[in-house]
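Visitor: One predicted model, sequence on top.
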Amino acid sequence: MTTHTYAYSPSPSHTPSPTRPPRGGAGPSGPSGPAGTGPRGRAGSGPRQMPPPHVLFAEKLLAVLSGERPVHWMLGHTVGEAYEQLVRLAPETPLRSCGPRPVLRHCSARPPGPDAVEACATIATGERVRAMAFRLERGRDRRWRCAAVELDGLPA
């Protein structure tokens, strides 16, 4: 069996810019660019691909651990002890500080088997960088669910 390592780092083009109009908005030449050129965007850009499951879960976990979302938001997305781990971690996590909003910097994963993924992520909060690790398991319904989560400096 071949194992693959998946990594994801948001590119600068994914970061919204306050000086750039929102996608699909009217710019100097209208919502579709100059007449006859079609929708604006990068040259050769096709439909946007969804990030891999471990990246989506890293964002969801970050939203809960930073206090942006309530813990019960993850009820259908967890299995086993993971929900209880989130209940214990969320109130005491340093990601809930009043400083800048935490941002996912990098997320990589390694599948130990066909229906499991172990991932780690780096999260930036201003100048501080933290680590988060979690495990995803795919159920019989083919949906991924978080089975375990840990944050650096806090007990599992």
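Guide: Perfect, thanks for sending it.
Visitor: in a helix, that's where residue 59 is, yeah?
Guide: Yes. The secondary structure assignment for residue 59 places it in a helix, going by DSSP: H, G, I helix; E, B strand; the rest coil.
Visitor: how deep is it tucked in, by neighbour count?
Guide: Here the number of neighbours of residue 59 (other CB atoms under 10 Å) works out to 15. For every residue, glycine as well, the C-beta is placed using N, CA and C.
Visitor: As a check, name the ranges of all strands in the protein.
Guide: Listed in chain order, the strands of the chain (DSSP state E) span 6-8, 103-113, 116-125, 128-138, 144-151.
Visitor: To residue 91, which of these lies closest?
Guide: With CB to CB, the closest approach to residue 91 among those belongs to strand 144-151: 12.3 Å.
Visitor: Contacts made by that closest one with the rest, please.
Guide: Strand 144-151 is touched from outside by 53, 57, 61, 65, 74, 77-82, 85-86, 89, 93, 95, 116-117, 130-139, 156, with contacts defined as CB atoms under 8 Å, 6 or more residues apart in numbering.
Visitor: so where is this structure shaky, pLDDT-wise?
Guide: Scanning the chain for pLDDT under 70 picks out 1-46, 154-156.
Visitor: Apply 50 and report the result again.
Guide: 1-5, 11-38 (pLDDT under 50).
Visitor: ok so, going back, hmm, which of the contacts of strand 144-151 are the buried ones?
Guide: Burial by neighbour count, 16 or more other CB atoms under 10 Å: within the contacts of strand 144-151 this picks out 53, 57, 61, 65, 74, 77-79, 82, 85-86, 89, 93, 95, 117, 130, 132, 134-138.
Visitor: thinking again about what came up before, how about CSV for the strands of the chain, with distance to residue 47 added?
Guide: Formatted as CSV, the entries for those read as follows, by distance: least, CB to CB, whole Å:
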stretch, distance to residue 47
strand 6-8, 18
strand 103-113, 22
strand 116-125, 24
strand 128-138, 24
strand 144-151, 22
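Visitor: Cool, thanks, signing off.
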